[in-house]
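Trainee: Fold the stuff below for me.
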Amino acid sequence: MYQTARPAYDCSCPIHRGLPRSVYDAPGCRCLTICASQPLTVLAPQINGALFLDRDDMLWFVPVLQPGHWDWRCATTVTGGHPLADADALVCRLPSEVDVRLREFTHCL
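Mentor: Numbers count the residues shown, from 1 in each chain. Below you'll find the model as predicted:
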């Protein structure tokens with residue numbers, strides 16, 4: 001199975017290329033939603049964006065500008081004050097649970 005190591009950020013972003021990524025709303029960021037700095041990403045066209053986990057398993061939301069292009073300047077954590085935090089506990093909990101469960105199967109593939 002091909003698995004990118006977490007520290008290898010290779011999505012060709014001019015800001016984060018080859019560097020650790022700890023800031024997700026940096027001006028000029030062009031990271032893809034499949035960047036290795038995001039262990040799990042859920043594309044959510046219903047809310048015009050994507051939900052993703054950062055290296056510390058914190059849930060983030062990034063709005064879409066147009067298909068395949070993300071407004072990283074407006075990326076924000078989904079915490080108590082975020083509208084999605086109150087929408088449904090499952091939405092906030094599911095990406096982290098899926099990431100944990102999928103990692104259990106990496107040795108099988």
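
Trainee: Tell me which residues touch the residue positioned nearest the centre of the chain, please.
Mentor: Closest to where the C-alpha atoms of the chain average out (Cα atoms, centre = their mean) is residue 52, at 2.7 Å. Taking Cβ atoms under 8 Å, 6 or more residues apart in numbering, we find residue 52 in contact with 33, 38, 40, 41, 42, 59, 60, 62, 95. No exception for glycine: its C-beta is placed from N, CA and C like everyone else's.

Trainee: Pairing partners for the lengthiest strand in the chain, with directions?
Mentor: Taking DSSP state E as the assignment, the strand of the chain that covers the most residues is strand 59-66. Within its sheet, and counting by DSSP bridges, strand 59-66 is paired with strand 49-53 (antiparallel), strand 69-70 (antiparallel), strand 76-77 (antiparallel).

Trainee: still on that earlier bit, just list whatever residues bridge to the residue nearest to the centre of the chain.
Mentor: Residues in beta-bridge contact with residue 52 (DSSP bridges): residue 41, residue 60.

Trainee: I'd like the distance between it and residue 91.
Mentor: Counting by Cβ to Cβ, to the nearest Å, the gap from residue 52 to residue 91 is 13 Å.

Trainee: and stretch 12-28, average pLDDT?
Mentor: Throughout stretch 12-28, pLDDT has a mean value of 76.

Trainee: residue ranges for the helices of the chain, please.
Mentor: Secondary structure of the chain (DSSP state H): helices located at 83-87, 89-103.
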